[in-house]
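1. Sequence first, predicted model second:
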Amino acid sequence: MKKRIIAWAVLLSVCAAALGLWCSAAGKTARTLPCEDEGLILSITTFDGKSESKPFLKCFGHTWIGLDNRTGHTVYLKDRAIPDGEMVTFSVWAVSGLSGLLFDLEPCYIANYGRYTGRLSLSTNIGEEQLKVIEDYMEQHDKWTVNKNCSYWSVHLWNAVVGEEAALKIRGFVCTPEKIEQAFSAFDCVEVDKDFSRAGGIYCYKDGERTELQLCA
């Protein structure tokens, strides 16, 4: 009888704790990030791969960063001039013969092949002084690895630029698009299928020099 009472007490404690966690999560208000259609707009976009997966062939998705120039003047990212009204995207890829950090590849995949349908994006305004933070991060992290993949790379760059209020909290050791989507749920300003048509051509940096690239036919 005593063991049964203890068992019920433990069960009730677990249920109470679970209810407390649920109530705490339910009580949280989704945050809105400041994002005006002017100035510099930083975005993080993630795609969980579901719309491109097939039976016995899973697409694991992709995550990337975007920079949209609405300042009224040209800004520079490394040696790339980004005129007013244009944008650039960047992320790391598992490629051979290149550094792994590629620019404007995602918009080309979207425009030419209809890729990444259902992608989710979070955007916020940043100051031009934050371009140096982005450049420094690129210099120190320009390769894809299994444990530091495109999702890890993108979310850590995002967090380095936007600060604590807009930082994305990722649980676990491996960062995936699904985990980034879960982190997006803390915000109420998530955009579906963000437009990237104002980006330019594909390029990368090889031995410190910008090298133009093209999609294979």
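-> The structure has been received and is ready for your questions. Residues are numbered from 1 along each chain as shown.
2. Tell me the bridge partners for Glu209.
-> With DSSP bridges as the criterion, Glu209 is bridged to Lys206.
3. I'd like the distance between it and Phe56.
-> Per CB to CB, to the nearest Å, Glu209 is found 42 Å from Phe56. Just so you know, the C-beta spots here come from the backbone N, C-alpha and C atoms, and that holds for glycine as well.
4. Next: Val75.
-> Distance from Val75 to Phe56, by CB to CB: 45 Å.
5. Show me which of the two is the more surrounded one.
-> Comparing Val75 with Phe56 by other CB atoms under 10 Å, the one with more neighbours is Val75, at 17 against 5.
6. From what I see, Leu77 and Asp136 are in contact.
-> No. Applying CB atoms under 8 Å, one finds Leu77 not in contact with Asp136, separated by 11.8 Å.
7. Looking at these two, which is more packed in?
-> Legend: neighbour count by other CB under 10 Å for Leu77 and Asp136, higher for Leu77 (17 against 11).
8. Need the three-state assignment for the closest residue to Thr117 other than its chain neighbours.
-> Nearest residue to Thr117 in three dimensions, chain neighbours excluded: Ser51, at 4.7 Å (CB to CB, 6 or more residues apart in numbering). Here Ser51 takes the helix state, with states given by DSSP: H, G, I helix; E, B strand; the rest coil.
9. mind listing what Met138 touches?
-> Lys78, Phe90, Leu101 (CB atoms under 8 Å, 6 or more residues apart in numbering).
10. Are any of these buried, and if so which?
-> For the contacts of Met138, a burial check counting by 16 or more other CB atoms under 10 Å picks out Phe90, Leu101.
11. Okay, strands next: where are they in the protein?
-> Along the chain, the segments classed as strands by DSSP state E run 39-47, 62-70, 75-77, 80-82, 87-92, 101-103, 120-126, 191-192, 203-206, 209-212.
12. In TSV, list the ones you listed along with distance to Trp144.
-> Putting these into TSV (distance: least, CB to CB, whole Å) gives the following:
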stretch	distance to Trp144
strand 39-47	16
strand 62-70	11
strand 75-77	20
strand 80-82	20
strand 87-92	4
strand 101-103	8
strand 120-126	21
strand 191-192	25
strand 203-206	12
strand 209-212	17
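13. Which parts of the protein are helices?
-> Using DSSP state H, the helices of the chain run over 2-27, 105-113, 131-140, 150-162, 177-184.
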